[in-house]
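In: Here is my input, please return the structure:
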Amino acid sequence: MASERPLVAVLDYGSGNVHSAVKALEKAGADVRLTRDRALVAEADGLLVPGVGAFSAVMEQLESIRGGELIERRLAGGRAVLGICVGMQVMFERGIERGVDTEGLGEWPGVVRPLEAPVVPHMGWSSLEVGQGSRLFAGLESERFYFVHSYAAQEWTLDVQPPFPIPSVTWSTHGSRFIAAVENGPLTATQFHPEKSGDAGIAVLRNWLGTLVA
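Out: Numbers count the residues shown, from 1 in each chain. Here you go, the predicted model:
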């Protein structure tokens with residue numbers, strides 16, 4: 001059962017930049033544990049999957065602790081998962097980086113591909129086209145968020161039929177449009193870094209925490 005301060009496990013599988021995510025979640029109001037303990041990951045109110053670096057390296061690190069199995073079991077039980085940056089990208093079927101085609105976790109159909117833009121990586125603050133029905137960006141529709149990436153999912157093809165709720169898909173643009181965030185039942189993910197996005201990023205995390213206790 002969710003407490004007044006929801007318990008969030010940050011999956012410790014070797015990804016960098018986890019401590020800033022832990023601090024941001026704490027500031028947003030969570031009780032946070034950086035862990036790979038399977039029982040704690042399963043029982044926490046929320047699970048955050050961070051990710052920096054190459055798609056293939058993140059998948060290799062996740063596989064080393066059977067992270068995909070942990071994520072899949074949580075989602076099958078309707079328990080919340082939040083992926084950030086490459087932690088979002090690996091939720092798709094495949095990632096193609098520098099000619100390397102790597103199988104992802106396959107929670108969503110689609111391929112993560114290089115951004116088609118005059119300048120890459122996309123590094124800096126960008127605005128969003130917030131998806132219909134978003135809870136993650138409630139009250140934040142005009143804010144800008146911090147991105148650091150050269151690859152992204154650029155199509156959304158998941159066909160969801162009633163009675164399941166239609167996912168809220170948020171977009172941004174750098175050269176061309178790409179998926180900036182997805183809210184799909186218990187699985188939420190952002191391409192940008194909430195932990196690097198100042199007060200607006202903390203507010204996004206606070207909105208996500210609010211879904212854990214709703």
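In: for this structure, longest helix please?
Out: With secondary structure taken from DSSP state H, the chain has its longest helix at helix 198-212.
In: Packing partners of it?
Out: Using 3 or more C-beta pairs under 8 Å, 6 or more residues apart in numbering; DSSP states H and E, the elements in contact with helix 198-212 are helix 18-28, strand 46-49, strand 80-84, strand 144-149, strand 187-190. All C-beta spots, glycine's among them, are computed from the backbone N, C-alpha and C.
In: got a list of contacts for the fourth one?
Out: The set of residues external to strand 144-149 that reach it, using C-beta atoms under 8 Å, 6 or more residues apart in numbering, is 85-86, 115, 121-128, 172, 174, 180, 190-194, 196-198, 200-201, 204.
In: quick one, which of the helices and strands packed on helix 198-212 is nearest to Arg98?
Out: strand 144-149 (14.2 Å; C-beta to C-beta).
In: okay if I get the helices and strands packed on helix 198-212 as CSV plus distance to Glu107, mean pLDDT and mean neighbour count?
Out: Shown next, in CSV, are these (distance: least, C-beta to C-beta, whole Å; pLDDT from 0 to 100; neighbours: other C-beta atoms under 10 Å):
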stretch, distance to Glu107, mean pLDDT, mean neighbour count
helix 18-28, 20, 96, 19
strand 46-49, 11, 98, 26
strand 80-84, 9, 98, 26
strand 144-149, 19, 98, 20
strand 187-190, 6, 98, 26
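In: now for these, which one comes closest to Gly104?
Out: Comparing the helices and strands packed on helix 198-212 by C-beta to C-beta, strand 80-84 comes nearest, at 10.8 Å.
In: Distance from the chain centre to the closest one, please.
Out: How far strand 80-84 lies from its chain's middle: 5 Å, per C-alpha atoms, centre = their mean, to the nearest Å.
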